[in-house]
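# I would like the atomic coordinates for the input below:
(chains A and B)
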Amino acid sequence: MSKLPDGRYVDDAPFDPQASLQQLERADLDAPNWVLVWRKFRTHKLGLISGVFLLLCYLMLPFAGFIAPYGPNDRNGEHLYAPPQSINWFHDGSFKGPFVYPIVAEADLETFQWKFVPDTEDPRPIRFFCEGSEYKLAGLIKSDTHLFCAPDGATLFLWGSDRLGRDVFSRILYGAQLSLTVGLIGISVSFFLGILFGSIAGYFGGKIDWVINRVIEILRSLPELPLWLALSAAVPSNWSPVAVFFIISIILGILDWPGLARSVRAKFLSLREEEYVRAAEMMGASSGRVIRKHLLPNFMSHLIASATLSIPAMILGETALSFLGLGLRAPAVSWGVMLNDAQNLASIEIYPWTAIPMLPIIVVVLAFNFLGDGLRDSLDPYQQ
Amino acid sequence: MIMLRYAVYRFFTMLLTLLVVSVLIFVIINLPPGDYLSNQIAELQASGQSAGVAKAEFLRKEYALDRPMWQQYMIWMGFMPGPHGFSGLLQGNYGWSFEFDRPVSEIVGDTLWLTVVVNLAAILFVYAVALPLGVIAAARSRTWIDYTSAFVGYLGLATPNFLLALILFYYGHRYFNLPIGGLMDPAYEGLPMSWDKLKSILVHLIVPTFVIGTSGASAMMQRLRANMLDELGKPYVETAIAKGMAPSRMLTKYPLRVAFNPFVADIGNLLPSMVSGSVLVSVVLGLQTIGPTLLTALKTQDQFLSAFILMFVALLTLIGTMISDILLVMLDPRIRYEGRDA
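Below is the predicted model:
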């Protein structure tokens, strides 16, 4: 820093008018791949929102018990098929904070149904951080504090109650734990098998390639659902719900890998002729190492995008199986198990809220689709 | 001539695939521990009914269930003489349903062609919807038409089929007076084909077709749109516009023909998922297709019945895939007729 005669301060370092521009470009070129991908992904608004939404959903899973006002199998015998209750803020024109009107069941002697009438004279405030039924936080820590629960002497069925008087809202939260993880476990199985067989077929070629290719073709030409049905019918009915859950997600994964294996194989066929692969082989790298260190990283991101796009199929698959009574069974709670109750026209007509679990299914499936689309579009950062 | 040779080649690969599939199905069916007859025998012995036990034992012998697994398979397929000489699938004997106590062919009988009808209708629906919508969405890309069709398409992909079925049934009945359940008016059941019966079947087909076809149609529409967009950017399109061709004629004459290819090739992917969908939807809607029968058969371990239905479903998809492959070769002169050893 030196002072000029007219009193200004000037930096002594030589000035290069191009430097700042170059630096920017340099940084861009040197940036790791994920930074570039992230930069492009950020512009994909729908994908970004979906990603954040899904992240929140999965983060919510361990705390489902805390957020839900009731336990998944808490029955309320007085309120079977109670309609959704609304949370109100104003009573008689004055602000009272969140409260509900207690509902009372009355027999309708014309239709012979229970009618639930809210008592609008008696506002009861919702309690927060209150004690309720016991649950395990993240499956480990026992606790009985809930984010909010029903007022004393009243009920809080945000989305109504079902056939046995269980809270639909709480059950949806608990159901998410199984419904959302089925896709993840299934996709891990399918990912593992797909990469294994795809890379073996693509890298070694020849007879192995032929055999694996035929297997892929056969599995792809079979209708999935009847196979799912047949395989899940093979699950012994005396297994515990958790075991059934794992086996169902593995079944979903086992039938899903051929699509992935096909794309892995196609990539390998073109990549294995590259010079760097030959160089690695010349230097004595084993085939396993070439596949893992030199070939797979090339298109791992593509694989992740396509995996994201096939999770919805698994979630829908679990729902369909449970719906038909061949997937998860009560007392396990999943969205498909819940929809089992909404199986007939009568419940759609009289108790439409029992079909509410379809909303989270649609939203989550859409979110996975948008996220996958966004990822796929932004994975090639050098392409405009 | 080369065409014919390809068709024959494709037919034989299909037969071979079917053979492998039959093994696969047989193994899957026999995965659950125990089988219908041994369950029944155990139950009967527990309640002390010896007459029933004798009958079950007789059936066991009769259907060679007391032999090793591989022999059971060979007899079932008709590769090997069973207790009554060659009588398996190949000879047209589909086996015996223990649950219904009738031959399998009698139980499935009518439902087989109804299954084919439902699936054909759904495929026609997919094409009738996806073709115009995909082309319009591409030609008017980034307008409200494009966005609306994309939105509806995404919803179609994301909604579980069976729920869509229930909801459509309910509202279809309420507002359009569409019939609920079944594939025809109960009055026509068992009657020979007549004009009224056909009409009744067609009206009953509306909702199932829509439900089974929606997800396939939206997937296909998106693919057609993407292909069309690729083609629309090419110089020959510009030339055609510069020549002063009418837009609709230009669209159908050049880019559509190129973009059409994957459309046909996709049947192979579409068909399995449609058949799956139709099984599920049939269970929910109580259609007289093989779906509900399959479910009961699987739940009660009625092995011959479920194995036959699975075989039939697989055959249906394999034939569909074969037809799509042959069509593709006929439509596109660039595709080579020989096997794919590239």
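# Quick check: residues of the stretch 251-384 of chain A near chain B?
Within the stretch 251-384 of chain A, the positions near chain B by Cβ under 8 Å from any Cβ of the partner chain are A:312, A:316, A:319-320, A:323-326, A:339, A:342-345, A:348-349, A:355, A:358, A:361-362, A:365-366, A:369. Quick note: C-beta positions are derived from backbone N, CA and C, even for glycine.
# out of the residues you listed, which are buried?
With burial judged by 16 or more other Cβ atoms under 10 Å in any protein chain shown, the buried subset of those is A:312, A:316, A:319-320, A:323-326, A:339, A:342-343, A:345, A:348, A:355, A:358, A:361-362, A:365-366, A:369.
# Run a quick neighbour tally on residue B:114.
19 (other Cβ atoms under 10 Å in any protein chain shown).
# Isn't it up against residue B:287?
Yes: taking contacts as Cβ atoms under 8 Å, residue B:114 lies within contact range of residue B:287: 7.3 Å.
# mind listing the strands in chain A by residue range?
Counting by DSSP state E, chain A has strands at residues A:2-3, A:9-10, A:88-91, A:94-100, A:103-108, A:113-118, A:124-125, A:127-137, A:141-149.
# what angle do the longest one and strand A:141-149 make?
Taking axes from the mean of the first three to the mean of the last three Cα atoms, to 10 degrees, strand A:127-137 and strand A:141-149 form an angle of 150 degrees between their directions.
# For chain A, what's its nearest residue on the stretch 101-250 of chain B.
residue B:158 (4.0 Å; Cβ to the nearest Cβ).
# so what's that residue up against?
Residue B:158 makes contacts with A:312, A:361, A:362, A:365, A:366, A:369, as judged by Cβ atoms under 8 Å, 6 or more residues apart in numbering or on different chains.
# Pull the most distant pair out of these.
The two members of the contacts of residue B:158 with the most space between them (Cβ to Cβ) are A:361 and A:369, at 12.6 Å.
# Please identify which of the strands of chain A is closest to chain B.
For chain B, the closest of those is strand A:113-118, at 18.0 Å, according to Cβ to the nearest Cβ.
# which neighbours does the closest one have in its sheet, and in what orientation?
In the sheet, strand A:113-118 lines up against strand A:103-108 (antiparallel) (DSSP bridges).
# that older thread, save the contacts of residue B:158 as TSV, and put in pLDDT too.
Output for the contacts of residue B:158, formatted as TSV (pLDDT from 0 to 100):
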residue	pLDDT
A:312	87
A:361	89
A:362	89
A:365	90
A:366	89
A:369	87
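# The closest residue to chain B within the stretch 1-150 of chain A: what's it in contact with?
Distances between the stretch 1-150 of chain A and chain B by Cβ to the nearest Cβ are smallest at residue A:46, namely 10.3 Å. Residue A:46 sits next to A:370, A:373, A:374 when contact means Cβ under 8 Å, 6+ apart.
# mind checking which helix or strand the most centrally placed residue in chain B is in?
Centroid check for chain B by Cα atoms, centre = their mean gives residue B:275 as the closest residue, at 2.6 Å. Using DSSP states H and E, residue B:275 sits in helix B:267-285.
# Next secondary structure element downstream of whichever strand or helix holds residue B:228?
Following DSSP H and E, one finds residue B:228 within helix B:195-232. Remark: after helix B:195-232, the chain's next helix or strand is helix B:235-243, criterion DSSP H and E.
# just to revisit the earlier point, check which helices and strands the following helix or strand past the helix holding residue B:275 sits against.
Heading C-terminal from helix B:267-285, the first helix or strand you meet, by DSSP H and E, is helix B:290-299. Where contact means 3 or more Cβ pairs under 8 Å, 6 or more residues apart in numbering or on different chains; DSSP states H and E, helix B:290-299 is packed against helix A:224-233, helix B:104-139, helix B:267-285, helix B:303-331.
# Which among those helices is found nearest to residue B:167?
Proximity to residue B:167 (Cβ to Cβ) singles out helix B:267-285 among the helices and strands packed on helix B:290-299, at 11.0 Å.
# so how many other residues sit close to residue A:206?
So residue A:206, with other Cβ under 10 Å, has 8 neighbours.
# ugh, wrong one, residue A:89
Close neighbours of residue A:89, defined as other Cβ under 10 Å, add up to 9.
# now do residue B:195
Residue B:195 has 7 neighbours, counted by other Cβ under 10 Å.
# residues contacting residue B:306?
A:230, B:29, B:294, B:297, B:298.
# go with 10 Å
A:226, A:229-230, A:233, B:25, B:28-29, B:97, B:99, B:104, B:293-300 (Cβ atoms under 10 Å, 6 or more residues apart in numbering or on different chains).
# And residue A:74, by the same measure?
A:68, A:132, A:133, A:164, A:165, A:166, A:167, A:170, A:171.
# swap in residue A:217?
A:258, A:262, B:13, B:17, B:20, B:268, B:321.
# Now residue 61: closest residue in space, sequence neighbours ignored.
Picked chain A for this. Spatial nearest neighbour of residue A:61, excluding adjacent residues (Cβ to Cβ, 6 or more residues apart in numbering or on different chains): residue A:177 at 5.2 Å.
# wrong one, I was asking about chain B
Once flanking residues are discounted, residue B:61 sits nearest to residue B:83: 6.6 Å by Cβ to Cβ, 6+ apart.
# Look up how far residue B:35 lies from the one you found.
According to Cβ to Cβ, to the nearest Å, residue B:83 and residue B:35 sit 17 Å apart.
# So which residue is dead centre in chain A?
residue A:180 (4.5 Å).
# how near is that one to chain B?
15 Å (Cβ to the nearest Cβ, to the nearest Å).
# Now do the same for the residue of the stretch 101-250 of chain B closest to chain A: its pLDDT.
Residue B:158 carries a pLDDT value of 82.
# same check, this time on residue A:21
65.
# And stretch B:111-126, what's buried?
Judged by neighbour count (16+ other Cβ under 10 Å), stretch B:111-126 contains these buried residues: B:111, B:112, B:114, B:115, B:117, B:118, B:119, B:121, B:122, B:123, B:125, B:126.
# Could you do stretch B:78-87 as well?
Within stretch B:78-87, the residues that count as buried by 16+ other Cβ under 10 Å are B:78, B:80, B:82, B:87.
# Endpoints of that stretch, how far apart?
In stretch B:78-87, first residue to last residue: 5 Å (Cα to Cα, to the nearest Å).
# could you check the angle helix B:104-139 makes with the helix holding residue B:228?
40 degrees.
# roughly how far is helix B:195-232 from the heart of the chain?
Its chain's C-alpha centre and that of helix B:195-232 lie 14 Å apart, by Cα atoms, centre = their mean, to the nearest Å.
# Then stretch A:336-348?
For stretch A:336-348, the distance to the chain centre is 22 Å (Cα atoms, centre = their mean).
# Number of residues surrounding residue A:144?
12.
# Can you tell me how far the residue nearest to residue B:261 when sequence neighbours are not counted is from chain A?
Once flanking residues are discounted, residue B:261 sits nearest to residue B:332: 5.5 Å by Cβ to Cβ, 6+ apart. Distance, residue B:332 to chain A, using Cβ to the nearest Cβ: 20 Å.
# Of the contacts of residue A:217, which is the nearest to residue A:106?
Closest approach to residue A:106 among those (Cβ to Cβ): residue A:258, at 57.0 Å.
# For that closest one, list the residues it contacts.
A:190, A:193-194, A:197-198, A:212-213, A:215-222.
# do residue A:184 as well
For residue A:184, the contact set (Cβ under 10 Å, 6+ apart) comprises A:58, A:249, A:307, A:311, A:314, A:315.
# Off-centre distance for stretch B:136-150?
The answer for stretch B:136-150 is 30 Å, by Cα atoms, centre = their mean.
# tell me how far the ends of it are from each other?
End to end - Cα to Cα - stretch B:136-150 spans 12 Å.
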